[in-house]
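Q: Attaching a predicted model along with its sequence, questions to come.
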Amino acid sequence: MSYQQQEKYEDTELYRIRHSAAHVMAQAVMEMFEPGEAKITIGPPIENGYYYDFDLPRNLTPEDLKAIEKRMRQIIAKHHPFEKKVVNAERAKEMFADQPYKIELIEGLEEGGFDEYGEPLEEKPEISFYSHDTFTDLCRGPHVEHTGKINPSAIKLMSIAGAYWRGDENKPQLQRIYGTAWKTSQELEEYLHMLEEAKKRDHRKLGKELDIYTFSDEVGPGLPLWLPNGGTIIEELEDLAKEVELAHGYERVRTPHLTKEDLFHRSGHLPYYAESMYPPMDMDGVKYYVKPMNCPMHHKIFDARPRSYRDLPIRLAEYGTCYRFEKSGELFGLMRVRSMQMNDAHIYCSEDDFETEFMDVIAMYMEYFEIFDIEKYIMRFSTHAKDGLGKKYVDNERLWLKTEEMVRQAMQNGNVPYVEVPDEAAFYGPKVDVQVWSAIGREFTLATNQVDFSQPVSFDLSFKNSAGENETPLVIHRAPLSTHERMIGFLIEHYAGKFPVWLAPEQARIIPITDGQNEYALDIESKLKAVGVRAKADLGSDRMNAKIRAAQKMQVPYMLVVGNQEVENQSVALRLRDGSRKDGTPVDEFVSLVEDKIATRSSELL
RNA sequence: GCCACUGUAGCUCAACGGUAGAGCAAUCGCUUCGUAAGCGAUAGGUUAUGGGUUCGAUUCCCAUCAGUGGCUCCA
């Protein structure tokens, strides 16, 4: 995603090193096959490295990767210069006569139309080649002066993957090799170390270790089962949502998981969203669908009685359970699942109220981000694309342009930084998504704020305005806390399992030093439970050290070690999960400390 | 869905043609200990599932299922 990268990346030496490494890799791969057998496509630098896509007569293996990497080092050692040559299209096509993908690219350039990803270009570019040693590639550069400028001890081939030509699943599938390249071996080591560290906080690993969720083959892929610890976190998130939504004037509703097909025809889901829906079940000739979104039911609640402008805005909230049939390869731990519970709400408002309502949702994001200390994110404003009208998007260009301008104005007036991305909207309107990254660097949408000018019309929603006329409301779909699945997946990684006290499944563990203090430990446990603290006394026969270790591994924020001394003073030897200690803390003092941290949803332990 | 890889006890891994083994967790004893692993014993597996090759399959082959890395797609 281009907006992730600094504009300047393309001007850096690292960019040229990676781009050149891609060419060197392509040479090494070409040498493994008879002339004309291997087809080259594109090989750009990306964040942290580069890739190159090939169409090859056989599949590459991990052993090939080692051989390719070895050959790359040999090529690098020869210090082959990179030479640029500008040619006309005719000559270019001659040179790449046996490279159909290159011919396609040259034709794109010739027509002045398209770059290597098939994206339109502003002006007709020149056609240039870069050659080094035996390898020549259609390429606009830039490169390093010669292959020796690539540090042979700072490169590594990372993985083999499939990728569609021009990212189109209807086009041939290519083999992609990902590589990384740095200036120094130390930078490479740091990068690899960073990847290792990221794996440790992967929610799939931590979610298992912390007993938050599980999957069962018998239940099905993408259908997570929340363990008690996960259930606790869900309860806390819902309590937070209830509080905040009450303060922002929302009302809570409840709707079924299942509806007749007609409702989804009317909403537009069946024409535009059918691919992502579970197939219907047939009841006496009537088809019922499990809901992929809650909106149609909320619309019917709005429509349950006549509405006046005085009632507006109406804000209906529900932690609704939805089911979406995501393709099998798209599933990803908790972050991408087939059953999910959304922090959903629909705001019905007039056009005049739109900006206030839309910005109030953005303000709600900010409130949440502050609570969770979320700092790294991007607001992405997704708009329609003209040629998707009637296919991906409801066919009403006038309303698309109008509502997009309303959102743009609202964001600008509110001074909210955002990037605008065409052709990413929901089928019913433009949206502003909050993009974040998983521990392993995968980007995904956390929260969303969407405009809908389509469903209110198809549902015949209306209210009486002050002039006594019927007016169609706008609908805002919003999910600041995402879904439980994605939010908790994200939070596990965000906190690396060290949840703030209010979210921690177990908030305090009491550890008696010998069983002589068991009774005292149980006393403290019930004192804490009485004020709503999730506490547990560990009365096992392990030594204290082992009990501490067990509590540490579960990231319990507070460990209360109690021996004879503590019993005498009515105190606890407080140990925090960061290893620090506050011995001799009076029990009452600890109780009020933990109560305060929970009540204020503090990120601090002390 | 597509391409590649992987699938052994709850977890992390070993054995890789001669009918499975360790550590941790669990259970039961012993231990009663001052801030990240005390000691011992017991139990736990039709080696994802279903076929095939073989005298013999966890190991080789095929299919299915699931997971992983990507692509596509998304809260």
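A: That came in fine, so what should we check first? Residues are numbered from 1 along each chain as shown, chains lettered A, B, ... in the order given.

Q: which residues are contacting the helix or strand of chain A with the lowest mean pLDDT?
A: For chain A, the helix or strand with the lowest mean confidence is helix A:269-273, at a mean of 85 (criterion: mean pLDDT, DSSP states H and E). Judged by Cβ atoms under 8 Å, 6 or more residues apart in numbering, the contacts made with helix A:269-273 from elsewhere in the structure are A:261, A:264-265, A:277, A:292-293, A:296, A:392-394, A:427-428. All C-beta spots, glycine's among them, are computed from the backbone N, C-alpha and C.

Q: now do stretch A:544-564
A: Under the contact criterion Cβ under 8 Å, 6+ apart, stretch A:544-564 has outside partners A:209-211, A:497-501, A:504, A:506-514, A:516-517, A:520-521, A:524, A:538, A:540, A:542, A:572-577, A:590, A:594, A:605.

Q: Restricted to helices, list the residues you listed.
A: In helices, defined here by DSSP state H, the members of the contacts of stretch A:544-564 are A:209, A:520-521, A:524, A:590, A:594.

Q: rewinding a little: now, which of the contacts of stretch A:544-564 lie close to RNA strand B?
A: A:513-514, A:516, A:540, A:542, A:573, A:575, A:577 (Cβ under 7 Å from any atom of the strand).

Q: Write out the residues of the stretch 101-250 of chain A neighbouring RNA strand B.
A: Taking Cβ under 7 Å from any atom of the strand as the criterion, the stretch 101-250 of chain A approaches RNA strand B at residues A:159-164, A:167-169, A:173, A:175-176, A:178, A:204, A:208, A:215, A:217, A:220-222.

Q: For the residues you listed, which ChimeraX command selects only the ones that are buried?
A: In ChimeraX, selecting the buried portion of these, with burial taken from 16 or more other Cβ atoms under 10 Å, looks like this:
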select /A:163,175,176,178,204,215,222
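
Q: can you tell me which of the residues of the stretch 101-250 of chain A next to RNA strand B are in strands?
A: A:159-164, A:173, A:175-176, A:178 (DSSP state E).

Q: Among the residues you listed, which one lies nearest to A:E197?
A: Among those, A:S159 lies closest to A:E197 (Cβ to Cβ), at 18.4 Å.

Q: Can you give me the neighbour number for the residue nearest to A:F358 when sequence neighbours are not counted?
A: Leaving aside its sequence neighbours, A:F358 sits nearest to A:A410 (Cβ to Cβ, 6 or more residues apart in numbering; 4.9 Å). Neighbourhood size, A:A410 [other Cβ atoms under 10 Å]: 20.

Q: does A:A410 sit in a helix, a strand or a coil?
A: Classification of A:A410 by DSSP: H, G, I helix; E, B strand; the rest coil places it in helix.

Q: swap in A:R315?
A: Note that with three-state DSSP, the state of A:R315 is strand.

Q: Report the beta-bridge partners for the residue of the stretch 351-500 of chain A found nearest RNA strand B.
A: Sorted by distance to RNA strand B under Cβ to the nearest atom of the strand, the residues of the stretch 351-500 of chain A start with A:T445, at 3.0 Å. With DSSP bridges as the criterion, the beta-bridge partners of A:T445 are A:Q435.
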